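Generate a structure from the sequence data that follows.
(chains A and B)
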Amino acid sequence: MYKISYDPSSGSYHFRTENGLTFLCGFRNRTRDLSPVLGIYDIEVWEFYFNSYKTDEQNDSLKKFDKRVSTCISHLIFKFLAPELRVVLYTCDSSDGRHEVRHNLFKQWFNNLVERENYTRLPIEIDQKDETLDLVASARGGIITRKDFPHMDILQKELIDKLPDIFREKIGLLQHSTSPTIST
Amino acid sequence: METIKITIESNSKAAEFIKKYMAEKKAFKEATAGLTYDEVIDYCKRNNIKFDSPIDPSEL
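As a prediction, the model looks like this:
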């Protein structure tokens, strides 16, 4: 695993790979933007963001698979999930059409983790298509909690069940039959 | 398959959440595309962008 550092000016965590990339990782507490019911149960929902940025010393092997990257990302997430009532929410960027690749990569990372038995990952997949307008919109993401998260029923009702409406609002047009696929 | 236009529930608390969430994430990623890490940190400082820090640095 790479050494992870904390930058107090931005509140982010970062690590630098041998390929010359620096990964910036950050959390944002979104609980106050959600249903107050979550707060009653002391559930905290946090957004997780990460992205890689080049440095002056990058080399030609930027695309090379680097297992230590996933180790660092999962280390941060698991450290974050030390308190049992925390929830991680992430989405995969779809601006370049590679959200499915990112989604599968995240799934692969998670499934390869030795510690995964202690956590629950709920992948969220929404495909939205309007045949009349030949419009396709997709969203991929997921929710990660500890396996012993005590209020899954509340989380389901107050966050997961509302995600279809959320994404509908984002995109506006979709098929009746489209709904999130949530599985463990 | 029938395609319908969804009536947006603008008073949905959850809808407000992801709308804000996705917009912020997209804006940050677009604004920092092509920058080096140091430039990204500088961008955060100039625009008063600060992540919350739920993990004690000593635990890293």
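
only C-alpha atoms for contact and neighbour calcs from this point on.
OK.

Need the contact partners of stretch A:143-161.
With contact meaning CA atoms under 8 Å, 6 or more residues apart in numbering or on different chains, stretch A:143-161 is reached by A:34-35, A:37-38, A:41, A:81, A:84-90, A:117-124, B:14.

Out of these, list just those in strands.
Judged by DSSP state E, the contacts of stretch A:143-161 include A:R86, A:V87, A:V88, A:L89, A:Y90, A:Y119, A:T120, A:R121, A:L122, A:P123, A:I124 as members of strands.

What's the per-residue pLDDT of the fifth one here?
I take that to be A:Y90. pLDDT recorded at A:Y90 is 84.

Could you report the neighbour count for it?
A:Y90 is flanked by 20 other residues according to other CA atoms under 10 Å in any protein chain shown.

Equivalent analysis for the last one, please.
Burial measure for A:I124: 21 neighbouring residues, criterion other CA under 10 Å.

My guess is it contacts A:H103. True?
No - A:I124 sits out of contact with A:H103 when judged by CA atoms under 8 Å, with a separation of 9.3 Å.

Give me the common contacts of these two.
Jointly contacting A:I124 and A:H103 under the rule CA under 8 Å, 6+ apart are A:R140, A:G141.

if we can go back for a sec, dump the ones in strands among the contacts of stretch A:143-161 to TSV, plus distance to B:I49.
Shown next, in TSV, are the ones in strands among the contacts of stretch A:143-161 (distance: CA to CA, whole Å):
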residue	distance to B:I49
A:R86	23
A:V87	22
A:V88	20
A:L89	20
A:Y90	19
A:Y119	30
A:T120	30
A:R121	29
A:L122	29
A:P123	28
A:I124	28
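
can you pull the contacts of residue 50?
Using chain A. A:F23, A:L24, A:C25, A:G26.

let's do chain B instead
Contacts of B:K50 (CA under 8 Å, 6+ apart): A:S9, A:S10, A:G11, A:S12, B:C44.

Are any of these buried, and if so which?
By neighbour count, with 16 or more other CA atoms under 10 Å in any protein chain shown, the contacts of B:K50 hold A:S10, A:G11, A:S12, B:C44 as buried.

Could you dump the residues you listed into a markdown table and include distance to B:A23?
Output for the buried ones among the contacts of B:K50, formatted as a markdown table (distance: CA to CA, whole Å):
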| residue | distance to B:A23 |
| --- | --- |
| A:S10 | 19 |
| A:G11 | 20 |
| A:S12 | 19 |
| B:C44 | 17 |
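
Show me these that map onto strands.
Per DSSP E, the buried ones among the contacts of B:K50 map to strands at A:S12.

Show me where chain B has its strands.
Using DSSP E, strands in chain B cover B:3-5.

chain center to the stretch of helix or strand A:F50 belongs to, what's the gap?
Per DSSP states H and E: A:F50 is located in strand A:44-54. Here strand A:44-54 shows a centroid-to-chain-centroid distance of 8 Å under the convention CA atoms, centre = their mean, to the nearest Å.

quick one: low-confidence parts of chain A?
A:56-64, A:93-96, A:126-139, A:162-184 (pLDDT under 70).
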